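Engineer: fold the following.
(one chain, ligands or ions: 2)
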Amino acid sequence: MEYRDKSILVVDDERAIREVVSDYLEDIGCRPDKAADGVEALEKIVNGSYDAVIMDLNMPGMTGLDVLDKVVLRFPEMPIIVFSGVGVLDRAVEAIRKGAWDFISKPITSFSVLDLTLNRAFERSRLLRENRIYREHLEDEVRKKTEQVLEMSRSLITTQKEIILRLGDVVETRSHETAYHVHRVSEYAYLLSILCGINEKDAADIKIASAMHDVGKIGTPDGILNKPGKLTGDEFEIIKQHTVTGYTIFRTSELPVLKLAAEIALNHHEQWCGAGYPNAISGESIPLAARITALADVFDAVTHARIYKSAWKIEDACNFITGQSQVMFDPALVDLFMKNFSMFREIHDRLPD
Ligand SMILES: [Fe+2]
Ligand SMILES: [Fe+2]
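Structural biologist: Residues are numbered from 1 along each chain as shown. Ligands and ions are numbered 1, 2, ... in the order given. This is a model prediction of the structure:
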């Protein structure tokens with residue numbers, strides 16, 4: 001029989017039944033244990049590890065139903081079989097409802113019923129266990145695969161960011177702008193986005209996309225890009241083209257972050273008052289990400305030396321930014337920038353040239 005060598009607790013307040021049933025179980029190779037009442041049974045079940053419990057329902061003090069209440073949820077895989085007296089089938093039904101697996105009528109006239117019931121219970125127990133193991137294994141596999149996919153997408157995003165930042169670097173290097181300009185603009189733009197209430201994911205996109213605001217400068221001739229003196233009107237017209245060139249580079253991309261980069265590249269020289277380029281749009285018709293980048297870009301440009309100028313003092317830069325509220329910049333952004341200036345200052349100090 002399948003259930004040989006199983007440890008089975010026999011619970012009955014009638015000594016004779018306890019003895020007969022456990023003797024029989026011992027005879028067929030099981031390891032029976034005995035409990036004389038509900039309290040003893042509960043203690044043994046909680047502290048032991050039985051393969052099954054056979055339990056009388058009608059016991060003084062703690063009844064079989066009470067024990068069921070306490071153990072069914074804790075040991076869902078342990079078969080509990082109850083004895084029910086003749087004519088009290090409703091108690092057996094209640095026990096099944098409470099989580100007992102099966103019932104055997106008393107008096108026990110033949111052990112073959114007990115055998116059959118135990119066999120059925122152990123078969124079901126085995127299936128339950130296998131099912132659980134399979135489910136756990138499956139959950140484990142799903143968890144592992146999810147982690148792998150996440151890891152892949154994380155590394156893809158890191159790679160993307162790295163390439164994009166490098167691309168920004170290339171342009172800045174070519175135009176001899178300061179080493180960390182792109183990084184600082186990104187950081188300022190991200191911080192300003194968060195302060196605006198933009199969600200973390202979109203702010204992270206702005207952080208990456210803003211790094212490419214000047215990518216269109218790869219189309220600007222060296223002579224103009226690196227001219228130390230003042231630009232002529234024609235030369236300035238050529239410089240202005242970097243906005244449209246940047247836009248053209250990214251415009252057709254399917255990646256949202258590159259679409260955003262296109263938008264920023266096109267609009268980062270637009271001004272709130274409408275005096276900017278290339279389209280001289282104004283106010284909120286300028287995309288927010290571009291308004292954010294414009295402020296970040298100018299603040300960084302004035303606080304660091306360029307080929308044609310030296311760095312301004314922080315106070316002068318702040319006065320300039322404040323003075324350009326509603327002129328170059330979105331007044332709401334200038335407000336946020338000034339109110340939280342210590343945080344921008346921290347980035348400024350952390351990433352020197
Ligand atoms: Fe620019
Ligand atoms: Fe810039």
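Engineer: okay, CA-based contacts and neighbour counts for the rest of this
Structural biologist: OK.
Engineer: which of the helices or strands spans the residue nearest the centre of the chain?
Structural biologist: In the chain, the centroid-proximal residue (CA atoms, centre = their mean) is L150; its distance is 9.5 Å. Under the criterion of DSSP states H and E, L150 resides in helix 111-174.
Engineer: show me where the stretch 1-150 of the chain dips below the pLDDT cut-off.
Structural biologist: Along the stretch 1-150 of the chain, segments meeting pLDDT under 70 span 1-3, 86-87.
Engineer: quick one: the helices in it?
Structural biologist: Ranges of helices in the stretch 1-150 of the chain, per DSSP state H, counting those that start in this stretch, are 15-27, 38-47, 64-71, 89-97, 111-174.
Engineer: now tabulate the ones you listed in a markdown table and tack on distance to V257.
Structural biologist: Shown next, in a markdown table, are the helices of the stretch 1-150 of the chain (distance: least, CA to CA, whole Å):
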| stretch | distance to V257 |
| --- | --- |
| helix 15-27 | 72 |
| helix 38-47 | 58 |
| helix 64-71 | 56 |
| helix 89-97 | 58 |
| helix 111-174 | 10 |
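Engineer: so of these, which one's packed in deepest?
Structural biologist: Comparing the helices of the stretch 1-150 of the chain by mean neighbour count (mean count of other CA atoms under 10 Å), helix 64-71 ranks first with a mean of 19.
Engineer: which residues outside that helix are in contact with it?
Structural biologist: 38-39, 41-42, 45-46, 55-58, 82, 95, 98-100 (CA atoms under 8 Å, 6 or more residues apart in numbering).
Engineer: biggest separation within these, which pair?
Structural biologist: Pairwise distances across these (CA to CA) peak at 20.5 Å, for the pair V46 and N58.
Engineer: care to break this protein down by domain?
Structural biologist: 7-135, 175-350 (automatic domain parsing).
Engineer: CSV for those domains, including distance to I157?
Structural biologist: Shown next, in CSV, are these (distance: least, CA to CA, whole Å):
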stretch, distance to I157
domain 7-135, 32
domain 175-350, 11
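Engineer: most packed of these?
Structural biologist: domain 175-350 (a mean of 19).
Engineer: tell me the average confidence for that domain?
Structural biologist: Here domain 175-350 scores 93 as its mean pLDDT.
Engineer: list just the one of the helices of the stretch 1-150 of the chain that sits closest to S310.
Structural biologist: Once the helices of the stretch 1-150 of the chain are compared by CA to CA, helix 111-174 is nearest, at 17.0 Å.
Engineer: helices and strands around that closest one, which ones?
Structural biologist: Helix 111-174 sits against strand 102-106, helix 181-195, helix 200-210, with contacts defined as 3 or more CA pairs under 8 Å, 6 or more residues apart in numbering; DSSP states H and E.
Engineer: beta partners of the residue lying closest to A100 once chain neighbours are set aside?
Structural biologist: Nearest residue to A100 in three dimensions, chain neighbours excluded: I80, at 5.1 Å (CA to CA, 6 or more residues apart in numbering). Following DSSP bridges, I80 is listed with bridge partners V53.
Engineer: can you pull the contacts of I80?
Structural biologist: I80 neighbours (CA under 8 Å, 6+ apart): 52-55, 99-102.
Engineer: swap in 10 Å and give it another go.
Structural biologist: 8-9, 51-55, 68, 71-72, 95-96, 99-103, 118, 121 (CA atoms under 10 Å, 6 or more residues apart in numbering).
Engineer: and if you look at A280?
Structural biologist: 267, 269-274, 286.
Engineer: and the furthest pair within these?
Structural biologist: Across the contacts of A280, the longest distance by CA to CA is 13.4 Å; it joins N267 and C273.
Engineer: now stretch 132-148: how far from the chain's centre is it?
Structural biologist: 17 Å (CA atoms, centre = their mean, to the nearest Å).
Engineer: enumerate residues external to it that contact any of its residues.
Structural biologist: By CA under 10 Å, 6+ apart, the surrounding residues in contact with stretch 132-148 are 77, 126-131, 149-154.
Engineer: OK, contacts around the nearest residue to T248 once chain neighbours are set aside?
Structural biologist: Nearest residue to T248 in three dimensions, chain neighbours excluded: A262, at 7.2 Å (CA to CA, 6+ apart). By CA under 10 Å, 6+ apart, the contact list for A262 reads 209-210, 212-213, 215-216, 243-253, 256, 290.
Engineer: got the angle between whichever strand or helix holds A262 and helix 200-210?
Structural biologist: According to DSSP H and E, A262 maps onto helix 256-267. If you take axes from the mean of the first three to the mean of the last three CA atoms, to 10 degrees, helix 256-267 sits at 50 degrees to helix 200-210.
Engineer: let me know the next secondary structure element after helix 256-267.
Structural biologist: Past helix 256-267, the next helix or strand by DSSP H and E is helix 288-302.
Engineer: how far does that following helix sit from its chain's centre?
Structural biologist: That offset, for helix 288-302, works out to 31 Å (CA atoms, centre = their mean).
Engineer: got a list of what W101 touches?
Structural biologist: 53, 78-82, 95, 117-118, 120-121, 124-125.
Engineer: now swap in L128 and tell me
Structural biologist: If you count contacts by CA under 10 Å, 6+ apart, then L128 has 76-78, 122, 134 around it.
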